[in-house]
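Trainee: Quick check, what structure comes out for this input:
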Amino acid sequence: MVRIVVVLIAILLNPLVTYVGTRVAFVNFRMDGNSMLPTIEDGAFTIVNKLEIRLNGADRSEIVVFSDPRRPETDLVKRVIGLPGETVEIVDGRVFINDMVLDEPYITTPWNDTKSKILIPNGEYYVLGDNRDNSLDSRSSQVGLVPEDLIIGRASFVYWPWEKADKGTVSLWVAVLTLPTIVVIGATVALLRRRGRSVWWAALILAPGLGGTGLAIIYFWVKPLIATPADAPRLDSTEP
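Mentor: Here you go, the predicted model:
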């Protein structure tokens, strides 16, 4: 009897744990602007990993979401170029880190800019948009260097529009989210069969919890897609 009660509690808590756990570790945003072209297009929806950035910090070439130092209520998205303690210099559209040219395969359009060498203080990052000629970033005093405590998370992958989505990563992410549910299903069916109950009993018991888990996952993925432009969580790409 105790085992059945434990399984029932797990079934009923599964939707709540799935949703809360997802919201704690991840957040989804809608891209607003063209400063990250061609990597992230205007209107694309992306998943931002908040947990990993807290554990490991930001690394070079990662796309990060951070609070605008000027307007904390606004979230910005750029690519990390320079790390704390490094020097950054831009000469005729080439980025130099500690006097060595940085390889940037994500830049597909030639650009031309020159900025004097600076030393990045500890706890701050130098960020640039991928669309260099149409991005307001660390080159400008309006954004400047980004303090570590303003970084919200790493933009992990685009999941909408579907033709632009990283389908392999999306599939893996959904599989990870549903794994606890699969474990609960297996435990419930095995326990009821040992007690001589049919699979229909398992279906009846599992229905509320599984339905709730499905709704929690759908709510996380779909709500930003159907929200009005004013209500959808947005990433301001900050263009000049």
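
Trainee: Where does pLDDT dip in this structure?
Mentor: Applying pLDDT under 70 to the chain flags residues 1-23, 173-174, 176-240.

Trainee: For the longest strand anywhere in it, list the C-alpha coordinates in PDB.
Mentor: Looking across the chain with DSSP state E, the single longest strand is strand 151-160. Taking Å, rounded to 0.1, in the frame of the first residue of the first chain, the C-alpha atoms of strand 151-160 are listed here in PDB:
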ATOM      1  CA  ILE A 151      24.400  37.700 -17.600                       C
ATOM      2  CA  ILE A 152      21.100  35.600 -17.400                       C
ATOM      3  CA  GLY A 153      22.100  32.600 -19.400                       C
ATOM      4  CA  ARG A 154      23.400  31.100 -22.600                       C
ATOM      5  CA  ALA A 155      21.300  31.000 -25.800                       C
ATOM      6  CA  SER A 156      21.400  27.200 -26.400                       C
ATOM      7  CA  PHE A 157      19.300  26.700 -29.500                       C
ATOM      8  CA  VAL A 158      16.500  28.000 -31.700                       C
ATOM      9  CA  TYR A 159      13.300  26.000 -31.600                       C
ATOM     10  CA  TRP A 160      11.000  28.200 -33.800                       C
END
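
Trainee: Could you list every helix and strand that it packs against?
Mentor: Contact analysis of strand 151-160 by 3 or more Cβ pairs under 8 Å, 6 or more residues apart in numbering; DSSP states H and E lists strand 26-32, strand 45-49, helix 50-56, strand 63-67, helix 167-194 as its packing neighbours. For the C-beta atoms, the positions are set from N, CA and C on the backbone; glycine is no exception.

Trainee: Run through the helices of this protein in chain order.
Mentor: Secondary structure of the chain by DSSP state H: the helices cover 2-25, 50-56, 167-194, 199-226.

Trainee: domain assignment for the protein?
Mentor: Structural domains assigned to the chain are 2-22+167-236, 32-164, following automatic domain parsing.

Trainee: ok, back up a step: residues touching the longest strand of the chain, excluding its own?
Mentor: 26-29, 40, 44-53, 58, 62-67, 75, 77, 125, 164-166, 169-170, 173, 221, 225 (Cβ atoms under 8 Å, 6 or more residues apart in numbering).

Trainee: What subset of those is buried?
Mentor: 26-29, 40, 44-50, 52-53, 58, 62-67, 75, 77, 125, 165, 170, 173, 221 (16 or more other Cβ atoms under 10 Å).

Trainee: Tell me how far the closest residue to residue 74 other than its chain neighbours lies from residue 29.
Mentor: Here the nearest residue to residue 74 in space, its sequence neighbours aside, is residue 68; by Cβ to Cβ, 6 or more residues apart in numbering that works out to 4.2 Å. Applying Cβ to Cβ, to the nearest Å, the value for residue 68 to residue 29 is 14 Å.

Trainee: buried stuff in stretch 120-138?
Mentor: Burial within stretch 120-138, assessed by neighbour count using 16+ other Cβ under 10 Å, is assigned to 120, 124-132, 134-138.

Trainee: again with stretch 100-116
Mentor: 102, 107.

Trainee: How far does it stretch from one end to the other?
Mentor: Counting by Cα to Cα, to the nearest Å, the length from the leading to the trailing residue of stretch 100-116 is 14 Å.

Trainee: Kindly report the same for stretch 29-44.
Mentor: Distance between the two ends of stretch 29-44: 8 Å, counting by Cα to Cα.

Trainee: List the buried residues for it?
Mentor: Buried residues in stretch 29-44, defined by neighbour count with 16+ other Cβ under 10 Å: 29, 30, 31, 32, 33, 34, 35, 36, 37, 39, 40, 44.

Trainee: Quickly note the distance from residue 121 to residue 50.
Mentor: Counting by Cβ to Cβ, the separation of residue 121 from residue 50 is 24 Å.
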